[in-house]
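A.B. asks: after the sequence you'll find the predicted model.
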Amino acid sequence: TIGENIKIRRFERYEGILVPYVHAGGTHAVIVNFDADNKVAENPDFIEFGKNIAMQITAVNPQYLAKDDVPAKVIEKEKEILMNQAINEGKPTNIAEKMVAGRLNKFYKENVLIDQPYVKDDKISVGKYVSEESKNLASEIAIKAFTRYEKGEGLEKRDSRSFAEEV
């Protein structure tokens, strides 16, 4: 109808209460799926809360919602890398194991949304912010899922071979 060749690279389908957010003229977009009452979803405070969560996702780019969502394969690989780092630093194995546990918690804080420090108040985690807002809105609220889009992600880069090689 519009005469354009449009290709959709990826999409997510959610049902329930959604809060969309588009950042800085379309460079990033986030959709957050919440588990909450429909009445609460109409509350302007909830909409502001949802937007704050979406801005958190835009800014920090978490890979997982909760610790349980991190695949065991990723955790094992991270443990292996951290253990090798500790041993290369000259630490004994028993101390290295304790260091790995501490550094794994840092990995969770960087990659798991619920464990991340909340951007607007870094003294609390996102999980704590969600529970505080649940109390303020007098309703159980939980984040079920989220998707973060970034402009240009998924595009393959051209192979930069020289023209002489092609001829």
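C.D. replies: Yep, that arrived. Numbering: from 1, shown residues only.
A.B. asks: does the most centrally placed residue in the chain count as helix, strand or coil?
C.D. replies: In the chain, the residue lying closest to the centroid (C-alpha atoms, centre = their mean) is residue 62, at 2.3 Å. At residue 62 the chain is in coil, as set by DSSP: H, G, I helix; E, B strand; the rest coil.
A.B. asks: quick one: contacts for it?
C.D. replies: Shown here is residue 62, whose contacts under the criterion C-beta atoms under 8 Å, 6 or more residues apart in numbering are 111-113, 116. For the C-beta atoms, the positions are set from N, CA and C on the backbone; glycine is no exception.
A.B. asks: list the buried residues in the top helix by length along the chain.
C.D. replies: The longest helix of the chain (DSSP state H) is helix 93-111. For helix 93-111, a neighbour-count test (16 or more other C-beta atoms under 10 Å) marks 96, 99-100, 103, 107-108, 111 as buried.
A.B. asks: do stretch 129-149 as well
C.D. replies: The neighbour-count check on stretch 129-149 (16+ other C-beta under 10 Å) flags 129-130, 133-134, 137, 141, 143, 146, 148-149 as buried.
A.B. asks: quick check: angle from the helix or strand containing residue 77 to helix 93-111?
C.D. replies: Using DSSP states H and E, residue 77 sits in helix 72-88. Orientation of helix 72-88 against helix 93-111 (axes from the mean of the first three to the mean of the last three C-alpha atoms, to 10 degrees) gives an angle of 130 degrees.
A.B. asks: which secondary structure elements does helix 72-88 contact?
C.D. replies: helix 93-111 (3 or more C-beta pairs under 8 Å, 6 or more residues apart in numbering; DSSP states H and E).
A.B. asks: distance from the chain centre to the helix or strand following the helix it packs on, please.
C.D. replies: Sequence order places strand 117-118 as the next helix or strand after helix 93-111, per DSSP H and E. In terms of C-alpha atoms, centre = their mean, to the nearest Å, the centre of strand 117-118 is found 12 Å from the chain centre.
A.B. asks: do the same with stretch 118-128
C.D. replies: 14 Å.
A.B. asks: looking at this structure, which helix or strand is least sure?
C.D. replies: The helix or strand of the chain with the lowest confidence, counting by mean pLDDT, DSSP states H and E, is helix 163-166 at a mean of 58.
A.B. asks: this completes my enquiry, with thanks.
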